[in-house]
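>>> I need the structure of the sequence given here:
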Amino acid sequence: PVVPSKFLDASIVLLGNLDPNHQLDVLNQMKNPKFVIMDTMNFWIEGHRKKLEEIISKVDLISVNDEEARQLTNSQSIIDSANKLQAMGPKNVIIKKGEHGAILFCDKKIFQVPAFPIKKIFDPTGAGDSFIGGFAGYLSQSGRITFEEMKTATIMGSAMASFTVQKFGTESLEQLTNERLQQRIKAFK
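Numbering: from 1, shown residues only. I've put the predicted structure just below:
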């Protein structure tokens, strides 16, 4: 991928769930980002482990689901997995637990957020992407990267994911208004 020149100086970079070689190519194009977030999945863990570990060592936050965390660290404990992931490079780790929410690990601090309760889940595909996109988007708007801001970003991510699962693909997000998002966050809190 070639990053358009107007985005090369982005302060927050989100490396989506891509081939680790592509993630590294994107990161190498960026001009001194303040905070780098990455997502990955079991396919890259199994087939591109060495390159994946290289990119993990260069990021500030990794976001994985609980199964992927266990696979990356050979640990059944989420706490132990987070500690091992932090030892690989990123100071911050998010372990997503699907319908059970997510856990943010920041140095020795932990913040757990539940998933927003939804009566009828139509399609969970893309919920993790919406979660980390909402997280990164909030941090970008806040302009500050602190534990407190990341806690709020985690809530925002969970709220965004809750909309995603209610319809197919991006349909729900395409119809989302700031007013509806703020109502959900208020209900969430």
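>>> can you pull out the helices in this structure?
Counting by DSSP state H, the segments of the chain that form helices are 20-29, 42-47, 49-56, 66-73, 78-87, 127-142, 147-164, 171-174, 178-188.
>>> Tabulate these in JSON lines, adding columns for mean neighbour count and mean pLDDT.
From N, CA and C alone the C-beta is placed, and that goes for glycine too. Formatted as JSON lines, the helices of the chain follow (neighbours: other CB atoms under 10 Å; pLDDT from 0 to 100):
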{"stretch": "helix 20-29", "mean neighbour count": "17", "mean pLDDT": "96"}
{"stretch": "helix 42-47", "mean neighbour count": "14", "mean pLDDT": "87"}
{"stretch": "helix 49-56", "mean neighbour count": "16", "mean pLDDT": "94"}
{"stretch": "helix 66-73", "mean neighbour count": "19", "mean pLDDT": "95"}
{"stretch": "helix 78-87", "mean neighbour count": "17", "mean pLDDT": "97"}
{"stretch": "helix 127-142", "mean neighbour count": "21", "mean pLDDT": "94"}
{"stretch": "helix 147-164", "mean neighbour count": "22", "mean pLDDT": "94"}
{"stretch": "helix 171-174", "mean neighbour count": "15", "mean pLDDT": "89"}
{"stretch": "helix 178-188", "mean neighbour count": "13", "mean pLDDT": "90"}
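>>> I'd like the ones you listed written out as CSV, with distance to Ile103 added.
Formatted as CSV, the helices of the chain follow (distance: least, CB to CB, whole Å):
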stretch, distance to Ile103
helix 20-29, 23
helix 42-47, 19
helix 49-56, 18
helix 66-73, 9
helix 78-87, 7
helix 127-142, 12
helix 147-164, 9
helix 171-174, 24
helix 178-188, 16
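>>> Asp9: which of those helices is closest?
helix 20-29 (10.8 Å; CB to CB).
>>> From the contact counts, what lies against the closest one?
Packing partners of helix 20-29 (3 or more CB pairs under 8 Å, 6 or more residues apart in numbering; DSSP states H and E): strand 12-15, helix 49-56.
>>> and Ile155, which of those is closest to it?
Among these, if distance is taken as CB to CB, the winner is strand 12-15, at 17.4 Å.
>>> And the average pLDDT for the closest one is what?
The average pLDDT for strand 12-15 rounds to 96.
>>> So what's the residue count around Gln112?
Neighbours of Gln112 under the rule other CB atoms under 10 Å: 15.
>>> and if you look at Lys58?
Here the number of neighbours of Lys58 (other CB under 10 Å) works out to 15.
>>> list the contacts for it?
By CB atoms under 8 Å, 6 or more residues apart in numbering, the contact list for Lys58 reads Leu24, Leu27, Val36, Gly89.
>>> between the helices and strands packed on helix 20-29, which one is nearest to Thr40?
Among those, helix 49-56 sits nearest to Thr40 (CB to CB), with 6.2 Å.
>>> List of residues touching stretch 108-128?
Here stretch 108-128 has contacts from 39, 63, 65, 79, 96-104, 147, 150-151, 154-155, 158-159, 161-162, 164-170, 184, 187-188, using CB under 8 Å, 6+ apart.
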